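*Asks:* Model the structure of this input:
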Amino acid sequence: MAKKDITSHAEVANGDVCETLPLLTGEHIQGCIRVIRGEQVILDRDLAQLYQVETSQLNRQVKRNIQRFPGDFMFQLTKEEADSLKCQNGTSSWGGDRRALPHAFTEQGVSMLAGLLRSEVAINANIAIMRAFVAMRRFLSANAGMFQRIERLERHQMLTDQKMEQVLKRMDELASAITPEQIFATGCVWDAWSYVSQLVRSAKRRIILIDNFVDERVLLLLTKRAEGVSATIYSRYTQQFLLDLEKHNGQYEPIGFVQTPHKSHDRFLIIDDEVYLMGASIKDMGTSLCAITRLEMKPDTIMSLLR
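*Replies:* Modelled structure (predicted):
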């Protein structure tokens, strides 16, 4: 029976036919060469397939002669490196029930293996591997300029992406920022409601509404405040509103109510330490031309006039 050539399908030593291996061509071997930690390496699993031995057998030989394999000849992958390779290869494992992390062999490490695995298959495979490493070096050297240009383009693209991300982030910040004043044309009820809702959500400690014309819509608006933010309404007494307020406070975080001792024409909304003058009651915002303006005064100034 003719001797099986190294480039044909492999058989394990005990005669059992193992999985079909690719041909030992330069192209296939170069496909086994990976760049890890800046070094061109071949994993123990790939070397074992090329040498037609079990991975465990190869690693046992290395372990018995570990003094021949310093760190620049062989190193073990970290879990992060192994996981990254699995993702690149689109596989969840290295084949079989392998618990140990793979070992990676540099060109010097592969050369050292030649002295340990002396079968004809291993010798021929080692020659092919050495030629593949040389071919890879020549390819990288011949295309060094192209790789540098690609690296510069990738770096430029990364910087561009970072700048674009900053621009988009700033645009989002500007879009979400609360402007100190707003004017709403007749019929812009939703715009006015959205703006006041944004003010309510921005409160960190307290909300005080001074408005002589309130209804259940004010209660709905104040439920938008963050948890722990107090809310108090200063308004004229109406039986219906107090009934609505009682029902609300029985289910949600209570809203305080203080009856104003005298009439007030303007409406004020205090958000923490900022005072907003409103041209219309909240229930009527946007039904006619109106404005909301932040005032340069302390809340105590307004509150003192209510006493």
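
*Asks:* in a helix, that's where Arg131 is, yeah?
*Replies:* Yes - assigned with DSSP: H, G, I helix; E, B strand; the rest coil, Arg131 falls within a helix.

*Asks:* contacting residues for the residue nearest to His103 when sequence neighbours are not counted?
*Replies:* With C-beta to C-beta, 6 or more residues apart in numbering as the criterion, His103 has its nearest non-adjacent residue at 4.4 Å, and that residue is Asp44. For every residue, glycine as well, the C-beta is placed using N, CA and C. By C-beta atoms under 8 Å, 6 or more residues apart in numbering, the contact set of Asp44 is 55, 58-59, 62, 102-105.

*Asks:* what do you get if the cut-off is 10 Å, keeping everything else the same?
*Replies:* For Asp44, the contact set (C-beta atoms under 10 Å, 6 or more residues apart in numbering) comprises 55-56, 58-59, 62, 74, 76-77, 94, 100, 102-105, 109, 113.

*Asks:* pLDDT value on it, please?
*Replies:* Asp44 is assigned a pLDDT of 88 by the prediction.

*Asks:* so which of the contacts of Asp44 is the most crowded?
*Replies:* Ranked by the number of neighbours (other C-beta atoms under 10 Å), these place Leu113 first, at 26 neighbours.

*Asks:* how far away is it from Ala231?
*Replies:* 76 Å (C-beta to C-beta, to the nearest Å).

*Asks:* Can you tell me the SS state at Phe257?
*Replies:* With three-state DSSP as the basis, Phe257 sits in strand.

*Asks:* What's opposite it in the beta bridge?
*Replies:* Phe257 has these beta-bridge partners by DSSP bridges: Ile233.

*Asks:* That one contacts Leu222, doesn't it?
*Replies:* No - if you go by C-beta atoms under 10 Å, Phe257 and Leu222 don't touch, sitting 11.3 Å apart.

*Asks:* Return the residues in contact with the closest residue to Phe133 other than its chain neighbours.
*Replies:* What sits nearest to Phe133 in space, not counting adjacent residues and going by C-beta to C-beta, 6+ apart, is Glu107, at 4.6 Å. By C-beta under 10 Å, 6+ apart, the contact set of Glu107 is 33, 39-42, 73, 129-130, 132-134, 136-137.

*Asks:* Next: Phe213.
*Replies:* 235-236, 238, 241, 267, 280-284.

*Asks:* make it 8 Å
*Replies:* Counting by C-beta under 8 Å, 6+ apart, Phe213 makes contact with 235-236, 281, 283-284.

*Asks:* Which members of those residues are the farthest-apart pair?
*Replies:* Farthest-apart pair in the contacts of Phe213 is Arg236 and Asp284; separation 15.2 Å (C-beta to C-beta).

*Asks:* and those two? which has more neighbours close in?
*Replies:* Here Arg236 and Asp284 are set side by side on neighbour count (other C-beta under 10 Å), and the busier one is Asp284, at 18 against 15.

*Asks:* what residues are up against the more buried one?
*Replies:* By C-beta under 8 Å, 6+ apart, the contact set of Asp284 is 213, 290.

*Asks:* mind giving me the domain split of this protein?
*Replies:* The chain is divided into the following domains under automatic domain parsing: 26-142, 181-305.

*Asks:* Now distance to Ile150 too, for these, in TSV please.
*Replies:* Below are those laid out as TSV (distance: least, C-beta to C-beta, whole Å):
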stretch	distance to Ile150
domain 26-142	12
domain 181-305	47
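
*Asks:* Of the ones you listed, which shows the lowest average pLDDT?
*Replies:* Among these, domain 26-142 scores lowest, with a mean of 79.

*Asks:* mind checking how far Leu242 is from Leu220?
*Replies:* Leu242 is 16 Å from Leu220, by C-beta to C-beta.

*Asks:* what's the burial count for Ser304?
*Replies:* 9.

*Asks:* meant to ask about Asp215
*Replies:* The tally of other residues near Asp215 (other C-beta under 10 Å) stands at 16.

*Asks:* coming back round to it: nearest to Leu159, out of the domains of the chain?
*Replies:* domain 26-142 (22.6 Å).

*Asks:* Tell me where this protein has helices.
*Replies:* Here the chain has its helices, by DSSP state H, at 26-32, 44-51, 55-64, 79-89, 107-113, 120-142, 144-176, 189-202, 216-222, 239-251, 299-305.

*Asks:* okay, these, which one's buried deepest?
*Replies:* Ranked by mean neighbour count, the helices of the chain are led by helix 44-51 with a mean of 22 (mean count of other C-beta atoms under 10 Å).

*Asks:* Please work out the angle formed by the directions of that helix and helix 55-64.
*Replies:* Taking axes from the mean of the first three to the mean of the last three C-alpha atoms, to 10 degrees, one finds helix 44-51 and helix 55-64 inclined to each other by 110 degrees.
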